[in-house]
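> Generate a structure from the sequence data that follows.
(4 chains)
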There are 2 protein chains.
Amino acid sequence: MPQSSVGLSQATEDYLKAIYGLAGDQERAVQTTDLAGALAISPASVSGMLRRLSKDGLLSHLPYRGVRLTATGRRLALRVVRRHRILECYLTNRLGYDWNAVHAEAERLEHAVSDELVERMALVLGDPPYDPHGAPIPTRDGEIAVPSLIPLAEVPIGTLAELRMVDDKDAERLRYLTSLGLEVGTRFEVVDRQPFDGPVTIGLPGRPPVALGLALARTLGCRIHEPEPRSPPEDSLPAGA
Amino acid sequence: MPQSSVGLSQATEDYLKAIYGLAGDQERAVQTTDLAGALAISPASVSGMLRRLSKDGLLSHLPYRGVRLTATGRRLALRVVRRHRILECYLTNRLGYDWNAVHAEAERLEHAVSDELVERMALVLGDPPYDPHGAPIPTRDGEIAVPSLIPLAEVPIGTLAELRMVDDKDAERLRYLTSLGLEVGTRFEVVDRQPFDGPVTIGLPGRPPVALGLALARTLGCRIHEPEPRSPPEDSLPAGA
DNA sequence: ATCATCTATTAGGCAAGCCTAATTTCGTCA
DNA sequence: TGACGAAATTAGGCTTGCCTAATAGATGAT
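Below is the predicted model:
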């Protein structure tokens, strides 16, 4: 059953990682169907596997109610996430990979690298806090700093913002963002937003404005740089308490 | 069944590599038992697996007579060997691994890295011809230069020689060699050899002579630097034809 | 409250790879 | 030539993970 550095099967690692990813860091319960979707596996198979993982103490499974990682499960999930993200950093920084190509490679390697190797890579890189898509990298001892970002879809018109985080799974989407001149750290201004779930238009310095579909805009994590210049709300000069 | 970059299962890759390793490059037939020993698997299991690999056209299996890789099998085996050895080089050169630690890590990674990644590592390293243990690295297109070396066990007394190749599988042995000051490229002189399968004594510059067991001496591939100074055999000045 | 619907689980199967025990084949030696 | 031991194969079983089809639980609308 073992095969990685720590003795979990690849399937087990994939389940834990997927559950962690779907639950978010506040550990919401995850539905069987959602998990099946994320893993591209039939719900029936997931049910069977969940029974085993539950028996092994990695998660708690209330039948028909979803699953939640146990402390152990969460720790192991974060270990896999750390491996994945350090690998992504290493591949881009040291081996010239594009940010749209690292995910697939890391997806396979994360099950094969030893902790020793991961830590050597982290050391060489100087312990990066974020991966190439802006996702925070869990520390050796399972801490993770969840960045508080705003989806582009919710950034008000007129705001100056910075792209901080993008989902890494869709290579096509990443190539598209690159073609627009958008990468992690890029600053832009939200120029317009069409009502009724229409696209968001942003302006980058020295480029014509671009309209981004709402589905895409929802997946782009942004940091606000400058609140709306017009209509200063209420705390302009007084420091309210 | 697939899982690597090329669609072979890990088990398949392990079988092909082990057969290639046991057969030597001239492709001798390999016995089921030897293969079972190399893979630490029961002979019965190997029999079953060989039937499948044979059906898949990766080897030809004459029952009770042993197996031989087909051209396809050999090509795939060499691909795995290349991955393994490039990985060993990369880990020692770029990530500070000792030569005794790389084998285990490469053994797992060789099943997970893509050809893309292997070639990027090879590029960064400048296409090394040998791995850290002196084994030749197959080229991208399946060529391999088999070095003609002499086992230390057969180097005549009085000869000046150089260690060129060591088996990479036994980390303990590699640590021992390091402790003696022996690594790939080290020059030494064969000082003495006890009769009846006794140890071989070698001298390294600036160190007291060391006696190496015959079993160990048989696994050390050497290049001769200077033929025996005493008793020049027969082809000293005439160039025989 | 009940039914229709969606979600989840169980039932039953399959392929990959491994195991042990039993059997067959090879090869050698008398 | 015949028998014996070593090597190889077959027989039968197990676990992991996946599948489809059938059943059971939860839920929202009437």
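> what does chain A put close to DNA strand C?
A:31-34, A:43-44, A:46-48, A:50-51, A:61, A:63-64, A:66 (CB under 7 Å from any atom of the strand). The way it works is simple: take the backbone N, C-alpha and C, and place the C-beta from them, glycine included.
> hmm, try it at 10 Å
A:29-37, A:42-51, A:54, A:61-67 (CB under 10 Å from any atom of the strand).
> Could you find the residue in chain A that comes nearest to DNA strand D?
Residue of chain A nearest DNA strand D, by CB to the nearest atom of the strand: A:Ser9 (2.6 Å).
> what number of residues lie near the residue lying closest to A:His111 once chain neighbours are set aside?
Of all residues not flanking A:His111 in the chain, A:Gln10 sits nearest, at 4.6 Å (CB to CB, 6 or more residues apart in numbering or on different chains). Other residues lying near A:Gln10 total 16 when counted by other CB atoms under 10 Å in any protein chain shown.
> just checking, A:Gln10 touches A:Arg108?
No. Here A:Gln10 lies out of contact with A:Arg108, judged by CB atoms under 8 Å, at a distance of 9.2 Å.
> picking up where we left off before, now the residues of chain A next to DNA strand C: which count as buried?
Buried members of the residues of chain A next to DNA strand C, counted by 16 or more other CB atoms under 10 Å in any protein chain shown: A:30-32, A:34-36, A:46, A:49-50, A:54, A:61, A:66-67.
> which pair in the residues you listed spans the largest distance?
A:Asp34 and A:Ser54 (17.0 Å; CB to CB).
> Just name the shakiest helix or strand of chain A by mean pLDDT.
None of the helices or strands of chain A scores lower by mean pLDDT, DSSP states H and E than strand A:220-226, at a mean of 90.
> And that one, what's buried?
A:Leu220, A:Gly221, A:Cys222, A:Arg223.
> Relative to chain B, how far out is the second one?
A:Gly221 is 28 Å from chain B, where distance means CB to the nearest CB, to the nearest Å.
> Pull the contacting residues for that residue.
Contacts for A:Gly221 (CB atoms under 8 Å, 6 or more residues apart in numbering or on different chains) come out as A:Gly134, A:Pro147, A:Leu149, A:Ile150, A:Pro151, A:Leu152, A:Leu163, A:Arg164, A:Met165, A:Val166.
> let's see 7 Å
Residues in contact with A:Gly221 (CB atoms under 7 Å, 6 or more residues apart in numbering or on different chains) are A:Gly134, A:Leu149, A:Pro151, A:Arg164, A:Met165.
> which residues touch A:Gly24?
Going by CB under 7 Å, 6+ apart, A:Gly24 touches no other residue.
> quick one, phi psi at it?
The phi and psi values for A:Gly24, taken as degrees, to the nearest 10, are phi 70, psi 170.
> quick one: it and A:Thr201, what's the gap?
For A:Gly24, the distance to A:Thr201 (CB to CB, to the nearest Å) stands at 29 Å.
> With A:Arg187 instead?
Taking CB to CB as the measure, A:Arg187 and A:Thr201 are separated by 16 Å.
> These two: which is more packed in?
For A:Arg187 versus A:Thr201, neighbours defined as other CB under 10 Å are more numerous around A:Thr201 (17 against 14).
> Packing partners of the helix or strand harbouring that one?
If you go by DSSP states H and E, A:Thr201 is part of strand A:200-203. Secondary-structure packing of strand A:200-203 (3 or more CB pairs under 7 Å, 6 or more residues apart in numbering or on different chains; DSSP states H and E): strand A:187-193, strand A:210-212.
> buried stuff in the shortest one?
It refers to strand A:210-212. So for strand A:210-212, counting by 16+ other CB under 10 Å, buried means A:Val210, A:Leu212.
> what mean pLDDT does it have?
Strand A:210-212 comes out with an average pLDDT of 94.
> Please name every helix or strand in contact with it.
On a contact count with 3+ CB pairs under 7 Å, 6+ apart, strand A:210-212 meets strand A:200-203.
> Paired strands for the strand it packs on, with orientation please.
Its sheet considered, strand A:200-203 pairs with strand A:187-193 (antiparallel), strand A:210-212 (antiparallel) by DSSP bridges.
> Could you dump these into TSV and include distance to B:Val102?
Shown next, in TSV, are the strands paired with strand A:200-203 (distance: least, CB to CB, whole Å):
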stretch	distance to B:Val102
strand A:187-193	44
strand A:210-212	46
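> on that earlier part again, CA atoms only: put the strand holding A:Thr201 into CSV for me.
The C-alpha atoms that make up strand A:200-203 are tabulated as CSV, following Å, rounded to 0.1, in the frame of the first residue of the first chain:
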residue,chain,number,x,y,z
VAL,A,200,-15.3,42.9,-16.1
THR,A,201,-13.1,45.3,-18.0
ILE,A,202,-9.7,46.1,-16.7
GLY,A,203,-6.9,48.4,-17.9
